[in-house]
Structure formats: C-alpha cells, structure tokens
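Student: pasting the structure only:
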C-alpha cells in the first residue's frame, strides 16, 4: 500500500467525478472514497497501472479548463474504447466503496434519513 | 490458524526435492498427495494466510487481502473483460462461490479426443471426484436456500428450463441454515493435510523466474515479503499459479511453446432484479443455477451487497441510480457463456505482471445477448417487478416485450463483461499444435517443469471449474508419484 | 397422446382468416375433409370465393386490417365458436403492410373475438419474433425471450403481444409458432426454391451447416387443430415443427433426392458460398428496411446465413402433437402436389 495515496495521479479527476455524480456526498466521505480509489489504482497490475497513469495525465488536462461540471459530464461519457474505461474504473471503485461502507446512501450521495 | 512459516529463516537459499508454486486448487492437492507419498515438499505462495471465516465474504476488505490487485484485473479487448484471481494461501478456493460441478463427461471426452490426452479415463476421474467430494464435504444447503436463490429456480421452472441447486464444498453445523456453512477451502483441507505430512508452506514469496539449464529447471529465483531475493533449488517443480500467472512465470523463465496463447474464460454479463420482498443477502451467493442451456450458457446468482449492486447499476447510473435505495429488494444475477474466443497472456520484460487480452467472437456476442435476454425473462417469470441489465443504454425490463428492447440494444462492447473462471493457457495433451504440456502436465520441451492447475484445461468447461481442476490435478500427481517412486 | 391431454369436441362454428393463403387453403381443405361444420372465412375483396362457397364455407369479404370487416366476420357467430387466425403477410409490397396486417389485424381479431364469446382462438405466429439462434448448435426452447428479426419479426411479435393481452383480459387463446413450411398449396416462392435446388442454383452458405426447423403443412395442421381443441392451455405458445431441425445442406440434398425419386431431372451441384455474402445481404436488408423498403430476395438471402432451430417437446407433451411427416416424405408429397397442379419445377 502506498504511503501517500492522496498524492495519487487519479485523485483530482476522481474527486471531480464524485463531486458531480454524488453531489450530496459529504466532503469527508468523498475524500475517503477518493483515497480508496487511489489505493486500488496503486495496486493495479503493472501494465494497467501504466495505462491508467497515462490516462490520468490526459484526463487531468481538462480539469483546469473552464467548467469542471461540463468537462466531467463530457469526459466521463466519451464512447472511445479503452479511454472510456478510465472514468468507468474510477466510478466503479468509488461507488462500490461508498455503498459498501454506507449502504443506505441516497443516489445523490446524501446520507440516508435514518442516519441523519 | 496460520500454518505457514518463513522457509528461508536467516538464509537466502533453500534446497528441496519438490517445489510447488501456488497454493490454490492446483497447488494444495498436489502438495498434500506428494507429502503423503513421502516427498520433501515446499509450497511457496505469493499472498498471505487468512483463516477461513475471518474475512467477510465478497467484501472489499476480502478483495484487498485475498485477491490479486484488489480484484481489479482486466483482459484487454473490445470489450475488456474484468476478471479476478485469488492471491492468498488457498488461492481462489478461499474466495469463490464454492459451487461444485463434477467434470462433465462430454467435456472430458472432447478434450481427450481433440487434444490427444492419453489415459484420460472417465471412470478414474469419477473415482477421484468421489474422493474430492468426501474431502471437501460437498453438500447441499440444509433447509431452504436463500430467497434470491429460490427466485432463480422459480423463474426457470416456470419457463420449463432445467435448473437445480449446485452443491458446495461447505460444512454446516448441526441444525444450521443456508447461511451457516463454512467453506471447505484449501486452508481448511488440503493445506493442513500437506503440512501434517511434512510439507512446508511459505507465504509472501513471489517467484520471479525458474533457472533453466537446457530443458531442465534447477532453481527458482524469488522475491520475499521484505523485498529480499532468495533462491530455491529443487529436483521437480509444479507451477500452480493459475491460468494467468502460470504461463507468465513460464514465459519469464524463457520457456517457449503453446504457453499463454489460448486463454479461455466464461464471459459473463449481469443484471439486477428487483422484487417486492427483501431478498438481498449481503455475504453469500445463490446456490441454484439454470443448466438448461449447457454447454452454451448457464445462469446463476452473484454476490449482491449494496456496494456490488451499485457496481451493477453503474453502467446506466443516470437512469438506474434511483434503484439503489431499494437494494434490500434487489439481487444480482449473471449469464455466463461458453466462448469460442480466446485470449493471450503476454509477459513483457521489465514488467511485474503480464498483459492479458481476450477477444470475443461474433457468435460469443450473439450468445451473450440472448443469454442476458433469457436471464431477464427468467427473472420476470420469477415475479421480478423490474430488471436492470448491466450495459450502457439498457432499458428497464418490466414485461416480456421489454426483453426485445434489451436484446436489440445490447452489444458486448457496451456491457460490463467479466469472468471469474480462467483456464487453458497451458493446454494438456499430445497434440503439438495446441498443447503446452503433455497428457500429465509436464511442460513440453522440459524434463522437470510441471503445470498442475486450471491452465491445463484444454478449454473452458462450461461449468464451475474447480472440481474439474482438482480432479485433473489429483490424476496428474498420482501419475507423477507412480513414476518417481518406482523409478 | 399423453394422458393428461384432454380435447374438446369440434365447435359449432369455426372462423378462419387467411383462408386463401398457404396454410389457410390447406387447413380449409383438411377441415372440409373431416366434415367440420359451420366454417366461415375472411377473404379480401376481389379474391375468388366460388370454390369455398361451393364447399359450403360461408365467405365474408373484407380486409383483416379493417376493423369493421373483422366485426362483420363475427356477425351472428354462435357462442362457443373457435377462431383460427392464419392471416399474415410475410413478403409485403411495402413495410407498412407488416404493421397493418400482422399487428393491427391481429389486435382487431382479438378484440372482436373477445366480445363474440368465442371458445378458443388459435393465433398462427412465426419463429420470427424470436430472431435467430446465436450459434449453429443452439436450439430455441419452447419459451424464449422476444428478439424479433427485422420488420416481419417485429410485427409478428406485436401480434403475439396483442393475443397475450387478450388472454390477460379473459380471452382463451393459444399461439402456434411454425418455422419455414413446405407442402401443398405452396406459393410461387416455394416453386422457385424447388427449381433452384433442382438446378443446383440454391445458394448454401459456409457449407450449409446452419440448422433450420421446417414444418410440413400437414404436420402444422395437426398442430393447429391440437392447439384449437386441447383444453387448459390458454395463454401458451408452441413451436409446431417437424420432429427435428435439419442442416441446410441436408435440406438441399433431401430435396434433390426427392425430386429424383419423383422422376425429375436434377442438374448441377449444390454450391456453397462464403458466409460473408449472407452477412452482406442481411446488412443490406436491415438498411433497406430502415428506409421502409422490402426486397424479398435480399431478405431471404440474408436470413439463409442463420440457424433457426426449435424443439417441439412442449407441443408433444401439452398438446399431444406428433409430427407424422419428415423431410423426405413431406418433400415427395410436396413435389407430387406441384405436378398434379401442373406447376413446373
């Protein structure tokens, strides 16, 4: 396990993706989920890790341009083979984490009524 | 109880008679039988030891500890196919669904004839299967199976499709229920047996390569848990690292031939079905399967806790996300096909893990589509309110006419295709064009390198493969004992 | 017949649609031969009704896609009558006919039959709502998900759905699904098939290993009547086909043998073309149908590359269906019928 997962290449994009997909997920949970994604990515088989590293650089470029929301919306639904696997990987890992850890999370990421 | 120990101690070189690499369904029976026959055996395992039952089944925690790469491994292709491998003492047997299907005779005959496998006798395999069933306490669940499991059976029965409960290697306490079983994995069965008979299990040891002198392997170069290098000399070696890492290790060792060129998997697609009652079970899988369409396809149930449901709904998240709050009324089911396609395992110099690819054929894609459609129909016939297929742009299926939309909109490239059954990367047999190992697992072109795991299966068997793997493994190791004790 | 199969006696009246079609003509002949009383048939305006009327069949003129005509068909029909709905269009002049006849026409039949208190409606569907088998060795089970093959399949699926909706609303109805049929009263396209096979010009693809279920018309009639008279099977659908599917190459060889044995000169050699041609034809068919066009040759060529195989165990168990004819015998009878009619093959 890496010592500084939050410094991971995938963290900025994962954070932006989650902020858009699960707007009501509180920031602390979001950073926990991002951290989980980062750890998993660091544990990928070597060839995948290399590919994801390259994709992360490419996807990160867009984060600094204009509207993040629009960028995430477009970039996370690109119908390009392999490239589209990147947002899908991040989303899969993050969702699996969020709902395993807090199963009654609402679809927008908010806490369930009973929890609140 | 952790039965492993550090075989190296303070040194960095060990000498053994037989080295077994990997402790899953291949390596563990191999070790037990050899140790009991008096061989001096060392088993090395890359992962760590976790007691069966100490980790929540199908959880992310389990994936982190007992799966390779946290369970995130992919065969590249269009679509890429996500797969998982166990990496711990006991390998995949510690984490899989535990479903036991005897090797189908039709498949054994096809392999024997198609790949020229010598002395593959159906009676022998059946007799071995009997032994394995006793060793692993293969049994049916006591009392009723879970509601999610019953739903699948009910749907299939209503359509006139053959289905049934698949037994598992589980032991149940007296008066226990369907969820009280304890998996009779390798850490509960063959590994203790091997260790009792004098074998040593050393976990946290990764084999980098075998040192080959001409056709003979003399030693394994390893990396230990603390990053230190080590060397293990041996007379015989059994490579049992599973269908991905067995060929990868052989390739890294410079062994050529039909190694890693014919990866076979059961490509699997999924859907989530919602019922009017709470059917979700958060740490077990359904035990029923639809066997009507064997050998082309089979349907079963998957682990379905909320996190995995979110994963199953993820392909169409915008449309399906609202369902996640109903996860207690939902369960995930799969359709697995016998694929014509094949994949490759390619070791890249300088990279720790191999590149894995898989190519679905046109027929595979058509079979995936109709199989997902059939599964959806079965869920409706079981009384599901709605079915949410796992592919981009999937429709919600509420009535039979919606299944037509499902099949029309489906394409494999839009789907989350995955597989947990990997095999056939070192196919056994005498046919030199297709086989990587001989009829008993000795790698062609070597004198003492044997493969004894799922890599040997000439093709994907169309059923849960562990029983088939174990039966062939036991057969092969008995032959080895005969030859090497008498010699 | 399995013991649990129980049958009604014949009804006081039987309504038949599509009575001048391939199956309808053969069915009417069969019903007349078995002295079925109270036959009533729907014929289109302009179709010759004289031979039917001479045989005592009551003829109602009108189009199935005209709801008023369908209503007239049921005018004064006694309660407890049966309906055998064989009308359908398979090779239309324009695609809109599919919807008008196969979907709307069937819906009208269901609606009117329901208000006419009929005893049982048999709806003759097709393999087409279920598409094609994904691989050659695969066989459709009795219950399958819908996956319609192009425009025809979609319209036949709509027809089935209308029938099933009728059943939910209280109608007693059974669906019969015949695959490719052969036998007496064959239309011109089947004559072309015989001629092409006789002269070795019928195209097989990829060695002709695709499997096809076929049904000899007399087998089909047996199945249709079993579906009409068997008690307690409302809402069910059944494949009605010959005992087993045949490989395309077997079909070609068998037809050539049957032709030879019937005294015809068989020439040329069966040819196998690359499967890609069938695939291209299928793509062309799809593209044309998207534009609202239908080309029979292109459609048939495209479909030839596929396996369409079904199994009939449910019809045997639940309806007591037992196909009497198999390919060779059925083909010889078909060829003999053609000769009697003076049709040149």
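Tutor: Yes, it's here. In this text the structure is predicted, and so the values were computed from the model without any measurement.

Student: now do the helices in the stretch 101-250 of chain B.
Tutor: Using DSSP state H, counting those that start in this stretch, the helices found in the stretch 101-250 of chain B span residues B:105-115, B:122-135, B:147-158, B:190-196, B:242-252.

Student: who wins for proximity to chain C among those helices?
Tutor: Nearest to chain C among the helices of the stretch 101-250 of chain B is helix B:147-158 (8.5 Å), distances taken as CB to the nearest CB. All C-beta atoms are positioned from the backbone trio N, CA, C, and that covers glycine.

Student: that closest one packs against which elements?
Tutor: Where contact means 3 or more CB pairs under 8 Å, 6 or more residues apart in numbering or on different chains; DSSP states H and E, helix B:147-158 is packed against strand B:163-165, strand B:288-290, strand B:297-301, strand B:330-337, helix B:362-381.

Student: residue C:78: what's it in contact with?
Tutor: Listed by CB atoms under 8 Å, 6 or more residues apart in numbering or on different chains, the contact set of residue C:78 reads C:12-13, C:38.

Student: could you do residue B:364 as well?
Tutor: Taking CB under 8 Å, 6+ apart as the definition of contact, the neighbours of residue B:364 are B:267, B:337, B:339-341, B:412.

Student: excluding its backbone neighbours, what's nearest it?
Tutor: residue B:339 (4.7 Å; CB to CB, 6 or more residues apart in numbering or on different chains).

Student: okay, that neighbour: pLDDT?
Tutor: The predicted local distance difference test score for residue B:339 is 97.

Student: ok, now residue A:7?
Tutor: We have a pLDDT of 67 for residue A:7.

Student: try residue A:113
Tutor: Per the predicted model, pLDDT is 71 at residue A:113.

Student: wasn't it part of a helix?
Tutor: No - with DSSP: H, G, I helix; E, B strand; the rest coil as the criterion, residue A:113 is coil rather than part of a helix.

Student: pLDDT-wise, which helix or strand of chain A ranks last?
Tutor: Taking mean pLDDT, DSSP states H and E as the measure, the helices and strands of chain A show their lowest mean at helix A:68-75, namely a mean of 85.

Student: what comes up buried for the very next helix or strand once past that one?
Tutor: For helix A:68-75, the succeeding helix or strand toward the C-terminus, using DSSP states H and E, is helix A:85-101. Under the neighbour-count criterion of 16 or more other CB atoms under 10 Å in any protein chain shown, helix A:85-101 has A:85-100 buried.

Student: chain B: which of the residues you listed is nearest?
Tutor: Distance ranking of the buried residues of helix A:85-101 against chain B, using CB to the nearest CB, places residue A:100 first at 2.9 Å.

Student: number of nearby residues for the closest residue to the closest one other than its chain neighbours?
Tutor: Residue nearest to residue A:100 in three dimensions, not counting chain neighbours: residue B:307, with 2.9 Å by CB to CB, 6+ apart. Residues within reach of residue B:307, counting by other CB atoms under 10 Å in any protein chain shown, total 23.

Student: work out for me the element residue B:307 sits within.
Tutor: The secondary structure element spanning residue B:307 is helix B:306-313 (assigned by DSSP H and E).

Student: ok so, going back, for residue C:45, state which of the buried residues of helix A:85-101 is nearest.
Tutor: For residue C:45, the closest of the buried residues of helix A:85-101 turns out to be residue A:88, at 59.3 Å, with distances computed as CB to CB.

Student: return the residues in contact with the nearest residue to that closest one once chain neighbours are set aside.
Tutor: Closest residue to residue A:88 in three dimensions, ignoring its sequence neighbours and counting by CB to CB, 6+ apart: residue B:314, at 7.6 Å. Shown in contact with residue B:314 (CB under 8 Å, 6+ apart): A:88, A:91-92, A:95, B:390, B:416.

Student: closest one to chain C out of those, please.
Tutor: Of all the contacts of residue B:314, the one with the least separation from chain C (CB to the nearest CB) is residue B:390, at 16.5 Å.

Student: nearest spatial neighbour of the closest one, chain-adjacent residues omitted?
Tutor: By the measure of CB to CB, 6+ apart, the closest residue to residue B:390 outside its immediate chain neighbours is residue B:270, 4.3 Å from it.

Student: check the secondary structure at the one you found for me.
Tutor: Each residue gets one of three states, and residue B:270 gets strand by three-state DSSP.

Student: report the distance from the least confident helix or strand of chain A to the chain centre.
Tutor: For helix A:68-75, the distance between its averaged C-alpha position and the chain's averaged C-alpha position is 13 Å (CA atoms, centre = their mean, to the nearest Å).

Student: next: stretch C:338-345.
Tutor: What separates the centre of stretch C:338-345 from the centre of its chain is 22 Å, taken as CA atoms, centre = their mean.
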